[in-house]
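# coordinates only, sequence not included:
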């Protein structure tokens, strides 16, 4: 038994999770690798070859590294629990006129729970993943700090992790840049791995076409919802659309309507199957309500509110704002107006590089 202890490493077969296992192994941890089969793309009716963390090639790549370094590796099938929760929610959110973030939901409710359950079965004190982030502590509470490589930082999709999860989580790559991780792989003789590309697509929508995915999952969606109308802010009809689930807030391309100037999806009204279009300035909001809040750094927000930088999407640079608790929700007041706030997406609050917490955007104003 290693003096450092036993750690269960989630291995997708990609460079980040592989180097996570390698670094921990080299530090002296007793590593056990585990690969989670979350999705079989062929079952969705898609024609594209299975890729990414769910492909047979990726699973074999993860196992090969484990064999080479001499630590155990297991494969677990969580397609049923993944599909029931993450994919069903993904479909339901679009049908409700919202824009979901399945990676947040998967991390919060599926992957970490599955990993910790198997860690307990295998007598592992910790779990580790290839995410770019840093677990830190403040006055006895665990929270996530942004990774050193801000371009690769993944703290935005990890805001939902509980204190119990964070206490047992390790992110070995948090203090490295992506370039350094690639160099480390090459230095160890894994040249092919060091050049391995990465996917930014949703794992169960590898062709990045969520509209076709919705039609495969809900074959009668066109009959159930049908075409509706594009309208302006005053309710004037501008043209017809295919159905509100096929549009997202801030969308400009693919509207199928020409109005002589750039127009954007400003609002989605599922109850009337109406999509409101507007100019870019019509996307501007100065506040929002956030629910399903998970606070990390602090147990509660100060009574007078807290000044933070709020991100409303993964690639968002963030906006200065004040957050206040309103019952079980958080009200966010931006110091300068923000564009394209989409209900269903995540809002994550930062103090410098520290994640204060996050939640799901309910509405904007």
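That came in fine, so what should we check first? None of these values were measured; they are calculated from a predicted model.

# please make it C-alpha for all contacts and neighbour counts, starting now.
Will do.

# can you give me the distance of the residue lying farthest from the centre of the chain to residue 277?
Centroid-distance maximum for the chain: residue 236 at 36.4 Å, with Cα atoms, centre = their mean. Distance of residue 236 to residue 277, computed by Cα to Cα, to the nearest Å: 10 Å.

# contacting residues for residue 16?
Neighbour list for residue 16: 130-131, 173, 181 [criterion: Cα atoms under 8 Å, 6 or more residues apart in numbering].

# next, give phi and psi for it.
Note on residue 16: its backbone torsions stand at phi -70, psi -50 [degrees, to the nearest 10].

# got it, and residue 362?
phi -90, psi -50.

# give the contact list for it.
By Cα under 8 Å, 6+ apart, the neighbours of residue 362 are 288-291, 343-344.

# now those as JSON lines including pLDDT and distance to residue 57?
JSON lines is the format used below for those (pLDDT from 0 to 100; distance: Cα to Cα, whole Å):
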{"residue": "288", "pLDDT": "98", "distance to residue 57": "43"}
{"residue": "289", "pLDDT": "98", "distance to residue 57": "43"}
{"residue": "290", "pLDDT": "98", "distance to residue 57": "40"}
{"residue": "291", "pLDDT": "98", "distance to residue 57": "39"}
{"residue": "343", "pLDDT": "98", "distance to residue 57": "36"}
{"residue": "344", "pLDDT": "98", "distance to residue 57": "33"}
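
# among the residues you listed, which are in strands?
Mapping the contacts of residue 362 onto strands (DSSP state E) picks out 288-291.

# quick one: residue 18 is in a helix?
Yes - the assignment for residue 18 (DSSP: H, G, I helix; E, B strand; the rest coil) places it in a helix.

# my read: it touches residue 63, true?
No - at 9.9 Å, residue 18 does not count as touching residue 63 under the criterion of Cα atoms under 8 Å.

# can you pull out the helices in this protein?
Assigned by DSSP state H, the helices in the chain fall at 15-27, 56-69, 79-82, 88-95, 102-106, 112-121, 163-167, 178-187, 191-194, 210-217, 221-225.

# right, so of those, which gets closest to residue 40?
helix 79-82 (7.6 Å; Cα to Cα).

# what's in contact with that closest one?
37-40, 106, 110.

# now with 10 Å, please.
36-40, 54, 85, 87-88, 105-106, 109-111, 114 (Cα atoms under 10 Å, 6 or more residues apart in numbering).

# considering the contacts of residue 16, which possesses the most neighbours?
In terms of neighbours by other Cα atoms under 10 Å, the contacts of residue 16 top out with residue 173 at 25 neighbours.
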